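Engineer: here are the coordinates; sequence isn't available:
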DNA sequence: CGGGATCCGCATGGATACTG
DNA sequence: CAGTATCCATGCGGATCCCG
């Protein structure tokens, strides 16, 4: 596959679906950790650190639904639930980590470009900035 | 790189940043189209089809900010603005399209798993469903 | 321990109107 | 043509409380 031309009609829909799926706030983190070894709910919760149990549940349900992880319940007391990547999940991990490597390698180029852009915009005008998220604002 | 173990501490942050960046509703589409050849604003607008000019502007500004596209203004009347991928943008296109290929190849496996999951949940109980987004609900 | 249910703030994104 | 500005709907994600 060369970087030129790409069937953009319907393929991009699938691409965007996967990227949106995987591009949310926690999915990649969870998948990556699960890629190392199976994990229990609270183990995962502690490891990810910062995630609420609601989002962990939501994320895991989504991954389970799409066939990326399995959820195994051991009916003991207290209950024990283990999450593990499926084959599909491990296969997904490959291109995701490829993109991950790219991200790590080019992190600085991106933030450099970002700094340049923001500096150029700030130098032109703008005595002060009343409000805004931080990345989008009127010029 | 093997699919086992991955430094998850700070790397995942960069990964997730890129994925969130690229995983929004329009970025991939725009980048993919621009990967074919440079394009003007309304040309892009027509090609993407479905995007509002607000979102196209936002998406392009973000891509420009991060150094993925260049914005060239021809001070003619009427004005003419061309958008083109930078080298960084074209490099990004490679892993993104790799993930894209994965997505296309495994689309059916995912939707099959999804159907299975939904069927299993629906068969268990649920006479009717009062409300909800569609992917989250009580069991 | 492993969740479900609910409330709520904030960001994303669509529609519309106006401008150089 | 190529935007900017504004208003508004939806949904993601966090906090809290409760349950088996």
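Structural biologist: Alright, I've got the coordinates. Just so we're clear, the structure is a prediction, and the values are computed from it rather than from any experiment.

Engineer: all contacts plus neighbour counts: C-alpha atoms, from now on.
Structural biologist: Will do.

Engineer: and residue A:31, what does it touch?
Structural biologist: Residue A:31 is in contact with A:85, A:89, A:93, counting by CA atoms under 8 Å, 6 or more residues apart in numbering or on different chains.

Engineer: how about the second one, nearest residue that isn't a chain neighbour?
Structural biologist: Right, the one you point to is residue A:89. residue A:68 (4.0 Å; CA to CA, 6 or more residues apart in numbering or on different chains).

Engineer: other SSEs contacting the lengthiest helix in chain A?
Structural biologist: In chain A, taking DSSP state H as the definition, the longest helix is helix A:87-124. Helix A:87-124 sits against helix A:27-36, helix B:11-22, helix B:53-65, helix B:87-124, with contacts defined as 3 or more CA pairs under 8 Å, 6 or more residues apart in numbering or on different chains; DSSP states H and E.

Engineer: pick out the shakiest of these, pLDDT-wise.
Structural biologist: The weakest mean pLDDT among the helices and strands packed on helix A:87-124 belongs to helix B:11-22, with a mean of 85.

Engineer: bridged to residue A:71, which residues?
Structural biologist: Judged by DSSP bridges, the bridge partners of residue A:71 are residue A:83.

Engineer: let me know whether it touches residue A:83 as I believe.
Structural biologist: Yes. In this structure, residue A:71 is within contact of residue A:83 by CA atoms under 8 Å, at 4.9 Å.

Engineer: return every residue with contacts to both of these two.
Structural biologist: With CA under 8 Å, 6+ apart as the test, residue A:71 and residue A:83 reach no residue in common.

Engineer: neighbours around residue A:44, how many?
Structural biologist: Residue A:44 has 20 neighbours, counted by other CA atoms under 10 Å in any protein chain shown.

Engineer: so for residue A:51, what's the nearest residue that isn't a sequence neighbour?
Structural biologist: Here the nearest residue to residue A:51 in space, its sequence neighbours aside, is residue A:45; by CA to CA, 6+ apart that works out to 6.7 Å.

Engineer: let me see the contact set for that neighbour.
Structural biologist: Neighbour list for residue A:45: A:51-53, A:56 [criterion: CA under 8 Å, 6+ apart].

Engineer: enumerate the residues of chain A near DNA strand C.
Structural biologist: With CA under 7 Å from any atom of the strand as the criterion, chain A meets DNA strand C at residues A:40-43, A:53-54, A:57-58, A:78-82, A:133.

Engineer: one more time with 10 Å
Structural biologist: Residues of chain A lying near DNA strand C by CA under 10 Å from any atom of the strand: A:20, A:39-46, A:52-61, A:71-83, A:131-136.

Engineer: in chain A, which residue sits nearest DNA strand C?
Structural biologist: When distances are taken as CA to the nearest atom of the strand, chain A reaches nearest to DNA strand C at residue A:42, 3.7 Å away.
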